[in-house]
Every structure is written in C-alpha cells, then in structure tokens.
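Asker: Predicted structure and sequence below. I'll ask about it afterward.
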Amino acid sequence: MMKRAWMGVILAGVLAGAGHAFMDGYQDRKGVYFGFDAAGGNGKAEANGGGDTSALGVMPSARLGIGSEGDLGVDLEGGVFFGSDDGVDQTHTGVYANVQKFLNKNIYVRGGLGFALGRWESTGVSETDNGLGFQAGFGVETFLSAENALRLGAVYRAHNYDDFDFTFMGLVAGLTFY
C-alpha cells in the first residue's frame with residue numbers, strides 16, 4: 001500500500017513538471033501575433049476652408065506583429081472607418097506601423113504612423129484624397145486561454161489629407177492570438 005502511495009506521489013510530480021514544460025509560452029506576448037479589433041465611435045471630417053461633417057460609425061481592423069522581451073510589440077495594422085451622416089457617406093482607410101507597450105500584466109499603450117485614404121460620397125458625387133495617418137490608444141488586455149487574449153480600450157485616429165482632415169475617437173474591443 002505504501003509503495004502505491006509513493007508511486008502516486010512520483011507520478012503526480014512527473015505530471016506537474018511535464019505540464020509546466022508544455023506551458024513554457026503560457027500567456028506570453030513574445031513572438032508573432034495577430035488580432036482583430038472593432039471600434040465604434042465618432043468620425044469627423046473637416047474641410048481646410050471650413051465646414052465639417054460628423055458621423056457615428058464603425059472601424060474594423062486587423063493587426064500582425066511581433067512581441068519581444070519587456071512586453072514591447074511592433075505591428076502593422078489596417079483599418080477602415082464606415083460612417084454616414086446627412087446623406088454623406090464616408091470611408092477612411094488607414095495602414096499603420098505601431099508600437100505597443102504593456103505597462104503591467106494587462107494595461108497597454110500604443111501609437112503609430114501610417115498612410116491614409118479617404119472617400120466621401122453624396123448624391124452620386126464622390127471625392128477621394130490620401131495623406132498621412134496617426135493613431136494613439138490605450139486599454140486592457142486579458143488572456144482568455146494560454147494563447148488568446150481579449151482587449152478593451154480607446155483609440156484616437158487622425159488622417160491629414162490635402163483638402164480635409166479626419167479624426168476618429170472610439171471604443172475598441174478585439175481579440176489577439178499569440
């Protein structure tokens with residue numbers, strides 16, 4: 001009987017050690033990651049000569065990046081804003097190179113620069129413009145499993161076009177796969 005008890009203790013120890021060995025990357029933000037976000041908020045386009053249009057809309061986006069030591073990540077992100085107000089449909093696309101830093105286990109800040117393309121359409125007439133984009137954000141990311149995380153936060157994006165400026169402020173929810 002005592003022999004079985006010792007065998008059980010040894011087996012439990014081996015299994016515990018083996019479990020730890022397989023979970024080496026457990027809840028780790030290092031290496032390649034990708035994610036999908038959906039933001040909702042207010043997008044505002046202002047003409048350089050005055051006049052503006054503001055619209056509630058959504059901005060889905062996708063990210064692909066790499067995380068390193070110190071909870072620092074670098075990624076490429078593409079997102080599109082869709083909004084409509086008073087018969088003016090707006091679409092603003094941005095592609096950003098971002099840096100993301102985790103301040104502790106869950107809280108992050110991020111920012112990036114990129115290229116922007118805007119399109120406005122009203123009563124069959126459309127205008128397209130391109131320019132530079134900027135974004136900044138912060139939030140909380142928590143792991144749902146060993147490699148999948150849920151993020152909630154806020155984002156600010158600005159696009160500077162030749163004839164218009166566009167700003168977006170919104171709340172974001174997303175998933176990241178490490």
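Answerer: Everything's here; your move.
Asker: Model confidence at the spatially closest residue to D71 that is not a sequence neighbour, what's the number?
Answerer: Nearest in space to D71, with sequence neighbours left out and distances taken as CB to CB, 6 or more residues apart in numbering, is F102 at 3.5 Å. For glycine as for every other residue, the C-beta is placed from the backbone atoms N, C-alpha and C. F102 carries a pLDDT score of 95 in this model.
Asker: ok, F102 to Y96 distance?
Answerer: Going from F102 to Y96 by CB to CB, to the nearest Å gives 18 Å.
Asker: Equivalent analysis for Y33, please.
Answerer: Y33 is 16 Å from Y96, by CB to CB.
Asker: between the two, who's got more neighbours?
Answerer: Ranked by neighbour count (other CB atoms under 10 Å), Y33 and Y96 place Y96 first, with 22 against 19.
Asker: Quick check, that one in contact with G114.
Answerer: Yes: with contact defined as CB atoms under 8 Å, Y96 counts as touching G114 (3.5 Å).
Asker: count of residues packed around V155?
Answerer: 21.
Asker: how about the nearest residue to it, chain neighbours excluded?
Answerer: Nearest one to V155, counting by CB to CB, 6+ apart, is G137 at 3.9 Å.
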